[in-house]
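S.K.: This is the structure alone, sequence omitted:
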Ligand SMILES: CCCCCCCC(=O)CC(=O)SCCNC(=O)CCNC(=O)[C@H](O)C(C)(C)COP(=O)(O)OP(=O)(O)OC[C@H]1O[C@@H](n2cnc3c(N)ncnc32)[C@H](O)[C@@H]1OP(=O)(O)O
Ligand SMILES: NC(=O)C1=CN([C@@H]2O[C@H](COP(=O)(O)OP(=O)(O)OC[C@H]3O[C@@H](n4cnc5c(N)ncnc54)[C@H](O)[C@@H]3O)[C@@H](O)[C@H]2O)C=CC1
């Protein structure tokens with residue numbers, strides 16, 4: 001899988017051939033090893049050019065092989081043989097040089113890149129480090145601070161940046177292989193020692209300790225609980241302090257620990273899961289590769305509140321012309337100001353002009369007549385949404401697709417008031433919509449394949465991870481979130497404090513604990529939903545116990561908090577105390593302690609000490625348990641879909657793979673046993689009752705997550 005050709009008389013051209021990204025599979029490594037040896041031994045050959053076929057240099061190690069026993073030649077000696085050889089080797093980098101691909105290029109003596117090429121060492125995102133000498137060669141080339149930044153973030157850089165950092169020697173707009181050949185011919189006979197990165201010292205740096213301590217503190221803050229970034233800092237430190245051979249030993253040691261860790265497995269699972277969710281299908285056989293999306297050039301957004309603003313920004317940044325509609329002048333002005341501000345700040349950061357010419361603002365739905373697609377983001381109120389969709393049916397061209405950003409209402413009911421149910425889907429964004437990467441595409445029973453394909457592909461165009469989900473209350477993400485949130489407040493009733501619960505969840509890896517998230521999003525939002533769904537308010541039978549609703553345990557704590565005007569950050573008080581309304585720094589509030597104590601006294605609930613383990617298990621296993629139910633109900637195509645919803649929409653720690661992967665990693669029998677235990681203790685909490693699918697999987701010997709679909713008994717899958 002590496003072709004060999006002799007060109008221009010004295011140049012050996014070695015081409016990596018392993019589509020689509022020329023990953024370094026064992027066959028490719030064997031091919032490179034053999035062809036490099038052939039070139040070095042061929043007396044006619046004076047220099048070598050290494051390139052990849054189909055416009056891609058190399059996407060790095062073959063990630064699929066990580067799960068298998070190692071076979072074929074190892075990468076490290078292969079790269080070493082290139083570097084140590086007595087003939088100049090030039091890497092011709094087109095498309096990508098990532099991970100092992102860039103390490104291979106760093107082993108070459110010269111590097112020429114195409115102007116559109118991208119490079120990077122993204123191993124950290126897979127729970128690994130660049131263990132083919134990347135952590136040792138890059139610091140010697142760029143200096144320690146740059147290497148630390150690139151290796152700990154895994155950031156891709158452009159050819160221009162690579163040139164500036166000295167990672168490549170030349171950038172060309174033309175044919176990169178021709179340019180590399182030209183360079184190869186020009187360097188024949190020049191000494192190679194200064195080009196062998198492993199033989200160089202890292203550039204001196206004052207305050208080495210300070211730099212590494214700051215880097216370590218930064219990675220620990222940025223990726224709480226993740227092992228790989230910490231190992232990356234340690235490996236680069238070895239490059240700074242040890243000779244190359246000992247640095248390589250340290251790199252290997254650290255890699256060994258990471259490779260066998262659950263985190264690397266989780267992150268690699270996420271890599272493939274993220275790609276798998278794009279391959280959607282519907283029960284009628286329509287799927288990603290047989291359904292054509294429409295080309296969307298113009299869109300309308302209705303409602304310029306929290307969500308509408310971010311949706312407008314996302315569409316405009318994808319190059320789509322947008323008509324933004326509000327119902328009143330004041331909201332329109334506020335929305336216009338916010339959208340313009342976000343786009344201008346973003347453009348300034350990137351040194352480009354803000355695409356403000358793509359947006360127009362209006363106060364009437366009539367302005368949406370000619371658009372290709374509309375996304376509605378008005379208040380979460382079924383009657384209002386139905387009125388808007390009925391109006392849209394009348395106003396818009398009969399071909400216009402109509403989408404709703406509802407966070408949980410029945411998309412089919414909304415579609416039913418239109419003249420075009422097949423062209424209606426849910427496009428459920430997450431706040432802030434221009435930042436969060438998740439898009440749930442809600443497929444109603446009458447949504448056409450074309451509509452689903454269009455929403456999925458539009459999401460991708462906006463840089464989102466689009467996940468197709470079924471049409472049930474709360475869809476996938478919010479439906480599951482309910483059990484997680486319920487558990488967290490039940491724990492407060494039983495003796496925990498908001499900060500104790502949050503700390504346990506943040507230790508687990510969540511970016512923010514559940515109570516901090518609540519304060520951030522506004523506690524009044526859920527309060528309104530509970531009122532409108534009849535859980536609280538005048539419709540509730542006053543003779544019913546306060547802590548029971550619809551036959552199950554109910555916790556009125558969030559309602560009581562809202563009644564006191566504690567709506568979270570916006571009011572300066574919620575589960576925590578803030579300096580002022582709109583404040584961001586959460587402080588524990590003694591008043592909340594008293595409030596919880598009084599509450600427990602009033603309802604005669606004994607307060608007990610709750611362990612961190614119980615907090616995490618009850619919240620996280622309840623979440624996964626609902627996930628099994630979502631699968632059984634046919635609302636998500638597979639566990640990967642659920643996991644990507646949580647990783648990209650809810651701040652789930654990626655190095656734990658998502659709630660379903662986490663359950664598999666903990667061990668399904670253990671999850672089942674703990675859920676059984678907690679359900680025995682709390683028979684009034686139905687979501688702790690283990691799902692039938694979980695029991696079936698345990699009964700079948702806990703098959704790997706990739707096989708779970710075979711055990712789902714849904715007869716009415718929506719996907
Ligand atoms: C202890 C001993 C020492 C061991 C030494 C370890 C050496 C190391 O240092 C370890 C490594 O190299 S780890 C790998 C580093 N490389 C990466 O992370 C790049 C991963 N790929 C990408 O970012 C995008 O696919 C990319 C940017 C390349 C392309 O993006 P696109 O959006 O254009 O396309 P995708 O849909 O993402 O990809 C197309 C198909 O290619 C598959 N694929 C991509 N990279 C792969 C890779 N590195 N290995 C295996 N498969 C890979 C991808 O799954 C997709 O497949 P299908 O979904 O089936 O089409
Ligand atoms: N806030 C959140 O975190 C999320 C909200 N959603 C959903 O997005 C939708 C909007 O929510 P938010 O943006 O939070 O609400 P919001 O209250 O911030 O904004 C709603 C906007 O719609 C406007 N509006 C109401 N009726 C209208 C009409 N007939 N024509 C034009 N504009 C009208 C209002 O003036 C207001 O500016 C809801 O369905 C909500 O459930 C979805 C995901 C997350």
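M.R.: Alright, I've got the coordinates. Note that the structure is predicted; figures quoted are calculated from it, not measured. Ligands and ions are numbered 1, 2, ... in the order given.
S.K.: pretty sure residue 524 contacts residue 562?
M.R.: Yes. The criterion here is CB atoms under 8 Å, and residue 524 meets it with residue 562 at 5.7 Å. Every residue, glycine included, has its C-beta placed from N, CA and C.
S.K.: which of those two has more neighbours?
M.R.: Legend: neighbour count by other CB atoms under 10 Å for residue 524 and residue 562, higher for residue 562 (23 against 19).
S.K.: Ligand 1 versus that one, what's the distance?
M.R.: Residue 562 sits 44 Å away from ligand 1, going by CB to the nearest ligand atom, to the nearest Å.
S.K.: ok, that residue to residue 575 distance?
M.R.: 11 Å (CB to CB, to the nearest Å).
S.K.: Neighbours of the residue lying closest to residue 23 once chain neighbours are set aside, how many?
M.R.: Using CB to CB, 6 or more residues apart in numbering and skipping residues adjacent in sequence, the residue nearest residue 23 is residue 62, 4.0 Å away. Residue 62 is flanked by 19 other residues according to other CB under 10 Å.
S.K.: Tell me the confidence at residue 62?
M.R.: Per-residue pLDDT puts residue 62 at 96.
S.K.: now swap in residue 51 and tell me
M.R.: 98.
S.K.: still on that earlier bit, list the residues that contact both of residue 562 and residue 575?
M.R.: Common neighbours of residue 562 and residue 575, using CB atoms under 8 Å, 6 or more residues apart in numbering, are residue 523.
S.K.: close to ligand 1, is stretch 260-270?
M.R.: No. Interface with ligand 1: stretch 260-270 contributes nothing (CB under 6 Å from any ligand atom), its closest point being 8.9 Å away.
S.K.: which residues sit against that stretch?
M.R.: By CB under 8 Å, 6+ apart, stretch 260-270 touches 63, 66-67, 125-128, 226-228, 258, 640, 643-644, 647, 654-658, 661-662, 665, 705.
S.K.: hmm, 7 Å instead?
M.R.: Stretch 260-270 has contacts (CB atoms under 7 Å, 6 or more residues apart in numbering) with 63, 66, 125-128, 226-228, 258, 647, 654-657, 661, 665.
S.K.: swap in stretch 519-529?
M.R.: Contacts of stretch 519-529 (CB under 7 Å, 6+ apart): 380, 431, 558-559, 561-562, 566-570, 574-576, 586.
S.K.: Which single residue of the stretch 151-300 of the chain ends up nearest ligand 2?
M.R.: Per CB to the nearest ligand atom, residue 300 is where the stretch 151-300 of the chain lies closest to ligand 2, at 10.5 Å.
S.K.: Regarding that residue, what is its secondary structure?
M.R.: Taken by DSSP: H, G, I helix; E, B strand; the rest coil, the conformation at residue 300 corresponds to strand.
S.K.: Tell me how far it lies from residue 397.
M.R.: The separation that residue 300 has from residue 397, given CB to CB, amounts to 11 Å.
S.K.: Compare neighbour counts for those two and give me the winner.
M.R.: Set residue 300 next to residue 397 and count neighbours by other CB under 10 Å: residue 300 wins out with 30 against 10.
S.K.: and the more buried one, what pLDDT?
M.R.: So residue 300 comes in at 98 (pLDDT).
S.K.: cool, residue 531 as well?
M.R.: The confidence metric pLDDT takes the value 86 at residue 531.
S.K.: One more: the one 4 residues further on?
M.R.: As summarised for this prediction, residue 535 has a pLDDT of 84.
S.K.: Surely it touches residue 549?
M.R.: Yes. Between residue 535 and residue 549 a contact is recorded at 5.4 Å, counting by CB atoms under 7 Å.
S.K.: Return the residues in contact with the residue in the stretch 351-500 of the chain that ligand 1 sits nearest to.
M.R.: In the stretch 351-500 of the chain, the residue that lies nearest ligand 1 is residue 460 (9.4 Å; CB to the nearest ligand atom). Applying CB under 7 Å, 6+ apart, we find residue 460 in contact with residue 466.
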